[in-house]
Each structure stands twice: as structure tokens, then as C-alpha cells.
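Participant: Mind looking at a prediction? Sequence and model below.
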Amino acid sequence: MDDDKPEPDRLHTFVVAAAAESDILIRVLGPFAVQEATIADIRLDRRAGGLVIAIEASGVSDARAELIGRRLEALAAVRSVGRGWRVAAP
């Protein structure tokens with residue numbers, strides 16, 4: 001299997017805990033745009049001391065999803081990144 005070939009029925013899920021900065025959503029979405037991921041769903045919850053942003057994306061391979069995760073972790077305002085995937089409903 002080609003490591004860079006996206007699986008069309010797979011949704012990659014990212015859960016990002018971050019500081020509540022004014023431009024954090026734009027910065028968090030940047031790595032998805034660079035990797036040409038399609039955002040399927042996004043949720044933002046305010047919590048004590050910050051935000052939790054849950055993003056589901058399609059159109060990327062496992063390798064590219066891993067790269068997105070590493071780029072998210074490198075953002076100064078990001079505290080943690082959780083990652084997983086699920087099969088999209090038909």
C-alpha cells in the first residue's frame with residue numbers, strides 16, 4: 001500500500017487542547033490546508049484555561065495525518081494533540 005495514498009472512507013480525528021488565543025483556530029487549521037485535507041467536522045469547546053478543538057478530516061493518508069499531528073504539536077499555543085480515525089458512514 002502507498003503510504004501517501006489517502007483512504008477515501010477514513011476520517012482522521014484530531015483533538016487539540018490549546019490556549020484561548022484570538023487567532024488559535026486559524027493557526028490550528030493551517031496544517032490541514034497545507035496537506036490539502038478536507039475538514040468534515042469541527043467542534044470548539046471553551047474549558048477552564050483554554051480550548052479543546054476537535055477536527056475530523058478526510059482526504060489524507062495515515063502518513064500525512066501523522067505529519068499534521070506533528071505540526072499541530074509544534075504550535076506554541078497547543079498544549080496537547082490526540083489523534084485517531086474512524087470509517088466514515090456511507
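Facilitator: Great, that's in hand.
Participant: the helices in this protein, which residues?
Facilitator: For the chain, the helices defined by DSSP state H cover 24-34, 62-73.
Participant: Sketch out the low-pLDDT regions of this protein for me.
Facilitator: Along the chain, the model assigns pLDDT under 70 to residues 1-3, 90.
Participant: what residue lies at the spatial centre of it?
Facilitator: Phe14 (4.0 Å; C-alpha atoms, centre = their mean).
Participant: need the contact list for that residue.
Facilitator: Residues in contact with Phe14, defined by C-beta atoms under 8 Å, 6 or more residues apart in numbering, are 53-57, 68-69, 72, 81-83. The way it works is simple: take the backbone N, C-alpha and C, and place the C-beta from them, glycine included.
Participant: Quick check: chain neighbours aside, which residue is closest to Thr38?
Facilitator: Gly59 (4.3 Å; C-beta to C-beta, 6 or more residues apart in numbering).
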